[in-house]
Structure formats: C-alpha cells, structure tokens
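In: output the structure for:
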Amino acid sequence: MQEAKNLSKEISIKKIDNETVNVKIFNNNILMAVVGEFNKNLTEIEKLTSTKLFFRGNSITAKGNKNSISNVSNSLMFLVNKFLVTNSIENNDIIYSIKHGVSDLEDKNKNNVRSIDQVIKTPRRSIIPRSKKQSDYLKALQNDDIIMSLGPAGTGKSYLAVSVAVTMLIEKKIDRVILSRPAVEAGERLGFLPGDMKEKVDPYLRPLYDALYDLFGYEKIQRKIETGEIEIAPLAFMRGRTLKNSFAILDEAQNATSTQIKMFLTRIGENSKLVVNGDPSQVDLINKSHSGLIKSKEILKNLKEIKIIEFDHKDVVRHPLVSKIIQAYQKNINDQN
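Out: Predicted structure coming up:
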C-alpha cells in the first residue's frame, strides 16, 4: 500500500529503551479508529505481539522484548496509513498489520507494494489488496477478460471478484453480474429442492451473498437481484447462453468438471468478464479425479489472454491460525505422497 503524503505528521514513534516504545497519534479520528471500540484493536495487537499496551490521551506505550515492540510500532504506523488512504480500518487489518507491518511502505522498489490506485471504494468499506498476488489478481480483474484463481480459503478470491463486479455494475460499465457455482451436494438436480430456482441455489452461494451484503448492504443488493442486475444461476443453467455486458463469477470451480468449466468459459460475449475461482484442496466430488480445475489450468496456461493467479497460505487474510492449518494439511498430503 502506498504511503500517505501526510503520514509523518499524524504519528510519531519514540523508542524509550530496548523494552519500551511510545507512539503518539495526533488526530483524534485516526486515533479512535486505530484503538477501536472499547480498545479492541489494541487488545488484539497485545495478543498477537505478546506485549503490554498502555493507552492514555493520544499516547500508546508498548512494553515487551525488542522484536515485539518493533512489531507494535510497525503495526500502528500501518494502521494509521491505512486509515489515511481508505478512511477505514477493518478487523483483518489488525492481523495483516502484524504480519507485514510497514514493509509495504518501505519496500517501494519491489512489486509487493500496492498502489493507492488499487483501492476499491464500496458503499460500506474500502478494499485494498493485502499481498502481491492479491494485487496481481485485482489488476487482472480490472484489465483482463478471463481470470482463473486457484488457492485456499481466505485468500480473497471471491471477495475481491465480487467487489470489482458490483462496483463495475454501479458505475454502469456492465449491465449485469452473474453468480454461479456447481451444486455438487444436489448433484445439479435442483428440481428436488423446494422453492424457485433462486431459492434452490441460494444455500450454495452463501459465501458470495455474505461478500455482497458486507460490501454493499442488504437492501441495495436485494434491489439489484429483484431487477435482474444481479443474477443467481446454477452452473447447469449456463449452457447455451452468450453473456454480453456481464461480469460472471463461477465459484467453487474445483467441484466442476473440465467440460463444465469449458462450457462456462465459452459463454463470454462482448464487453464481458468471466472469473473462475476454486480451491483444489477442497474437492467435494465423489470421484475427486473428475475435478476439472487443475486440468483446465494446465490446458489454458499458455493462452496469454487468460490470466491465471495461484494463491497459497501466505496470501490468507483471515486469522493467522488459518494459514497454519492450511500448511499443516498440505504437509500431511506431501508426506503421504
């Protein structure tokens, strides 16, 4: 993330001794955002850095070992900068600030710096990429027509795709957003489930709904669903269509066959984008070898018009334990092989 122009005027950091550092934040609005309601952000920083924080006036004092107090000061500087750039601080920013601190601000000559131009402002929050691969993914979502992203849960595959898609819809760059996924649990035989088509497939698209409501609010999204600007469609219902002026997202694509993925990708029409997201480690098909995600990636990897992004545990932006859990399971798979 790019450093805000006035960052140095908003925060000062003074090392008292090898076990103590004092941080002052001069703007009360920024200070309250950094501290969080009932000091919850400071409590989280204490837990993640194994330090003791003391908050009084506009001053935050950290006590701990040399490395831990350095992590605290870097974290607080990152959070101040994040607020200056996006006017918000999210829960995940606390975790991210500990993992990366001000390395993003200092590493200006490396590709892991996210430009301020990549901030996506939605009605409810501002989104910034939190890793080099997220930055590449966001750039692809904005500039390429077909994008495939593979990686574990928590890497932002669906969240970023939804944020870009609906932002383009609101800006009238497209006419429609289409959300789709294979309904594996129902074997694509949705006729046995109660309700209309939307009610049948809704449970399988809950993660996308969560992202939509989080970014744009329930009422705004419901209105766009009612007008058809946001369309919910099971993958089986995409056959035979040509998508024009649309942004279509196929989620949980690890549960689609290569034939189904080919069918989805060949729906692309004029002024449209197609996104295929999936986690190869979470295949729910009875015969896991039928998953077409990896096979499709290998088939399409030499087509320069298709952008392929592969995430790993380092790109996970949920609780730090999620990354460790993913690593542990991957190690177990590697040991078995």
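In: show me what the helix or strand where A248 lies is packed against.
Out: In the assignment (DSSP states H and E), A248 maps to strand 246-250. Packing contacts for strand 246-250, counted by 3 or more CB pairs under 8 Å, 6 or more residues apart in numbering; DSSP states H and E, involve helix 157-170, strand 176-180, helix 258-265, strand 273-278. Backbone N, C-alpha and C define where each C-beta goes, glycine included.
In: now what about the third one, what contacts it?
Out: By CB atoms under 8 Å, 6 or more residues apart in numbering, the surrounding residues in contact with helix 258-265 are 146, 180, 182, 235, 238-239, 248, 250, 253, 256, 274, 276, 292-293, 295-296, 299.
In: the last one now?
Out: Applying CB under 8 Å, 6+ apart, the contact partners of strand 273-278 are 141, 144-150, 157-158, 161, 165, 174, 243, 246-256, 261, 264-265, 267-268, 293, 296.
In: from the chain's centroid, how far away is that strand?
Out: 14 Å (CA atoms, centre = their mean, to the nearest Å).
In: and the angle for that strand with strand 176-180?
Out: 20 degrees (axes from the mean of the first three to the mean of the last three CA atoms, to 10 degrees).
In: now do the buried residues in the following helix or strand past strand 273-278.
Out: Note on strand 273-278: by DSSP H and E, the next helix or strand toward the C-terminus is helix 293-300. Within helix 293-300, the residues scored as buried using 16 or more other CB atoms under 10 Å are 293, 296-297, 300.
In: look up how far K304 lies from V164.
Out: Distance check for V164 against K304: by CB to CB, to the nearest Å, it reads 21 Å.
In: just name the most buried of the helices and strands packed on strand 246-250.
Out: strand 273-278 (a mean of 26; mean count of other CB atoms under 10 Å).
In: returning to what we had before: wait, which of the helices and strands packed on strand 246-250 is closest to K314?
Out: Ranking the helices and strands packed on strand 246-250 by proximity to K314 (CB to CB) places helix 157-170 first, at 14.5 Å.
In: report the angle between the closest one and strand 176-180.
Out: Going by the same axes, to 10 degrees, helix 157-170 is angled at 160 degrees with respect to strand 176-180.
In: which stretches of the stretch 51-200 of the chain have low pLDDT?
Out: Along the stretch 51-200 of the chain, segments meeting pLDDT under 70 span 100-117, 184-200.
In: mind redoing it with 50?
Out: The model of the stretch 51-200 of the chain has pLDDT under 50 over residues 102-116, 186-190.
In: what segments of it are strands?
Out: Along the stretch 51-200 of the chain, counting by DSSP state E, counting those that start in this stretch, strands occupy 52-56, 59-63, 120-121, 126-127, 146-150, 176-180.
In: go through those strands and name the closest to L76.
Out: Closest approach to L76 among these (CB to CB): strand 59-63, 6.6 Å.
In: ok, and what's touching the closest one?
Out: Contacts to strand 59-63, defined as CB under 8 Å, 6+ apart, come from residues 16, 19-25, 35, 42, 49, 51-55, 68-69, 72-73, 76.
In: show me which positions of the longest helix along the chain end up buried.
Out: Longest helix of the chain, by residue count under DSSP state H: helix 66-86. Going by neighbour count (16+ other CB under 10 Å), the buried part of helix 66-86 is 68-86.
In: sorry, back to before: okay if I get the helices and strands packed on strand 246-250 as JSON lines plus distance to L208?
Out: JSON lines is the format used below for those (distance: least, CB to CB, whole Å):
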{"stretch": "helix 157-170", "distance to L208": "6"}
{"stretch": "strand 176-180", "distance to L208": "5"}
{"stretch": "helix 258-265", "distance to L208": "15"}
{"stretch": "strand 273-278", "distance to L208": "10"}
